[in-house]
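In: test case, fold it:
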Amino acid sequence: MRIIIVGGGIGGLALAAGLRRHGFDVAVFDRDTDVAATGGYHITLDRRAQSALRELVAPEIFERLLASASALRLRARDALWDRHGRVLGHGPHLGDNPSVDIDRITLRTLLAEAVGDDLHLGRAVTEIGRAQDGTPLVIFADGSPVQCDVLVGADGTHSLVARHLAGGPTNAPAGIIGFSGRTSVNDLSPVERQRLGPRSGLAIGPRGAALYVGFLDPVGNAVLDAPDLRAAVTNGPTYIWGAMFPESADTDSMRNTRGAALQTALLARFRRQGWSERSLEVIARADPDSVAAFRFNAASSRVQDLAPWPAGPITALGDAVHATPPTAGMGAGAAIRDAASLVEHLREVAAGTTTLTVAISQFEADMRLRGSEVLTLAMKTVRWILATDTWLGAAATAAVSPILAAAERLRYQR
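Out: Reported below is the predicted structural model:
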């Protein structure tokens, strides 16, 4: 059985690693020329995603992953702040939380290593079709075709494969533009280091402005204390942050900017909306080269709307099917679980216990439920942020924040 995967992101590489581990003939094609050429937030892997990865990669790769990841159980509990940096509340204690955080570049690099020579970079697929015998066919930018028995689209939000299957886009803009960057904890002032602490948190302001600050320390908070196995590109306590604003002509123009110019524009936007300088220090002291913008896209959270095509030898997974905003921290984990599920069903086909059509149908049914779950969670935060971008929402946010901050101070004093 010859399997082609279009897209070498987290989901595509996880799938290829699992197929290769179980003896399948697989090839991954990605337009990128460097697996480290990726950005965005860090990735949270819950217990289910970690269990899926254990099945997909060799034990030595999984061990290196744990040695390169930051344990949530070693963090302080998350915080909710207002735009002035005042604490409004805290999340649950994380002492028994099995989830881990890992840098996206690190995870993609480790998965690419597991895939090995089956990963082909710099190969852009431009067309999907069928050969004369009805089997799937991919055509590359140079016009060359490659035939296979199974074709899987793991090519992200703007998936060519999923669009071919669905006859149109499988997601739409969620109404938010995101901006991300990295700031070393050591580059912050002592006061701000103390305020933020070894935790992740979210600051909300009126008019749809929000700032997520994610704490990542794969050295001091390593899941597995094995420095000789560590592959993390993050080599000390770091905040990987994400700013959010409602989509508009202004934020759309900022999407075409990068680096120091975008950093300056982003700070100016927050200042116009009354954010304090201390709450913006994590952006102001970020590595300018790490600052980038991207649009939040989302698929429908309704199960019946996901993968709306008949099961067959062409399918898709991850963001190609259930594009998920990063506001729940579960999108990459869901793609990894998709990959593990598809490997399991294809192994049944190889063993002769089921047909390909039945296997793909069962895989897609599971994926619809999984996608609906993560989208429902992610969109709650998106809707909350967008709700503050109304006259009533802005007024309520401005009025309630000082009350919550005062209540939190009293709770702390007690």
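In: quick one, strands of the stretch 51-200 of the chain?
Out: Secondary structure of the stretch 51-200 of the chain (DSSP state E, counting those that start in this stretch): strands located at 70-71, 79-82, 87-90, 100-102, 119-121, 125-130, 136-140, 145-147, 150-153, 172-184.
In: what number of residues lie near the closest residue to residue 33 other than its chain neighbours?
Out: Closest residue in space to residue 33, ignoring its immediate chain neighbours: residue 122 at 4.5 Å, by Cβ to Cβ, 6 or more residues apart in numbering. Glycine gets a C-beta too; all of them are placed from N, C-alpha and C. As a burial measure, residue 122 scores 11 neighbours (other Cβ atoms under 10 Å).
In: and for the one 10 residues further on?
Out: By the other Cβ under 10 Å criterion, the neighbourhood of residue 132 contains 7 residues.
In: quick one, phi psi at it?
Out: phi -60, psi -30 (degrees, to the nearest 10).
In: buried set for the helix or strand encompassing residue 404?
Out: If you go by DSSP states H and E, residue 404 is part of helix 391-413. The neighbour-count check on helix 391-413 (16 or more other Cβ atoms under 10 Å) flags 393-394, 397-398, 401, 405, 408 as buried.
In: before we move on, what about stretch 209-229?
Out: 209-219, 221-224.
In: how far does the lowest-mean-pLDDT helix or strand in the chain sit from the chain's center?
Out: For the chain, counting by mean pLDDT, DSSP states H and E, helix 391-413 ranks last in confidence among helices and strands (a mean of 87). Between the centre of helix 391-413 and the centre of its chain there are 30 Å (Cα atoms, centre = their mean, to the nearest Å).
In: what is the helix holding residue 404 packed up against?
Out: strand 79-82, strand 87-90 (3 or more Cβ pairs under 8 Å, 6 or more residues apart in numbering; DSSP states H and E).
In: show me the contacts for residue 35.
Out: Each residue near residue 35 by Cβ atoms under 8 Å, 6 or more residues apart in numbering is listed here: 8, 108-109, 112, 119, 121.
In: quick check, it in a helix?
Out: No. Read with DSSP: H, G, I helix; E, B strand; the rest coil, residue 35 is coil and lies in no helix.
In: helices of the chain, start to end?
Out: 10-21, 47-56, 59-67, 104-115, 160-166, 190-196, 249-254, 259-272, 277-284, 319-322, 331-350, 356-387, 391-413 (DSSP state H).
In: looking at those, which is closest to residue 34?
Out: Each of those was scored for nearness to residue 34 using Cβ to Cβ, and the closest is helix 104-115 (9.8 Å).
In: I'd guessed residue 114 sits against residue 20; true?
Out: Yes. Under the criterion of Cβ atoms under 8 Å, residue 114 is in contact with residue 20, at a separation of 7.3 Å.
In: sorry, back to before: what's the helix holding residue 404 in contact with?
Out: The contact list for helix 391-413, computed with Cβ under 8 Å, 6+ apart, reads 82-84, 86-89, 204-207, 387-388.
In: any of these buried? List them.
Out: Looks like the contacts of helix 391-413 have 82-84, 86-88, 204-207, 388 buried, using 16+ other Cβ under 10 Å.
In: which among the contacts of residue 35 count as buried?
Out: 8, 108-109, 112, 119.
In: what about residue 167, distance to residue 231?
Out: To residue 231, residue 167 is 41 Å away according to Cβ to Cβ, to the nearest Å.
In: show me which of those two is the more surrounded one.
Out: Applying other Cβ under 10 Å to residue 167 and residue 231 shows that residue 231 carries more neighbours, namely 18 against 9.
In: out of the strands of the stretch 51-200 of the chain, which is closest to residue 339?
Out: Going by Cβ to Cβ, the one of the strands of the stretch 51-200 of the chain nearest residue 339 is strand 150-153, 9.0 Å.
In: residues contacting residue 24?
Out: Counting by Cβ under 8 Å, 6+ apart, residue 24 touches 1, 3, 346, 350.
In: just the buried residues of these.
Out: By 16+ other Cβ under 10 Å, these give 3, 346 as buried.
In: any chance of the contacts of residue 24 in JSON lines, plus distance to residue 42 and pLDDT?
Out: Output for those, formatted as JSON lines (distance: Cβ to Cβ, whole Å; pLDDT from 0 to 100):
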{"residue": "1", "distance to residue 42": "35", "pLDDT": "93"}
{"residue": "3", "distance to residue 42": "30", "pLDDT": "98"}
{"residue": "346", "distance to residue 42": "30", "pLDDT": "98"}
{"residue": "350", "distance to residue 42": "35", "pLDDT": "97"}
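In: farthest-separated two in the contacts of residue 24?
Out: Going by Cβ to Cβ, the pair spanning these furthest: 3 and 350, at 10.5 Å.
In: point out where this structure drops to low pLDDT.
Out: Along the chain, the parts satisfying pLDDT under 70 run over 39-40, 413-414.
In: quick one, phi psi at residue 197?
Out: phi 70, psi -180.
In: what is the burial count for it?
Out: 15.
In: pull the contacting residues for the nearest residue to it once chain neighbours are set aside.
Out: Counting by Cβ to Cβ, 6+ apart, residue 197 lies nearest to residue 76, which is 5.3 Å off, once chain neighbours are set aside. By Cβ under 8 Å, 6+ apart, the residues touching residue 76 are 94, 197-199.
In: can you give the distance of stretch 300-310 from its chain's centre?
Out: That offset, for stretch 300-310, works out to 20 Å (Cα atoms, centre = their mean).
In: same question but for stretch 292-311, I mixed them up
Out: 14 Å.
In: what is the end-to-end distance of it?
Out: End-to-end span of stretch 292-311 (Cα to Cα, to the nearest Å): 37 Å.
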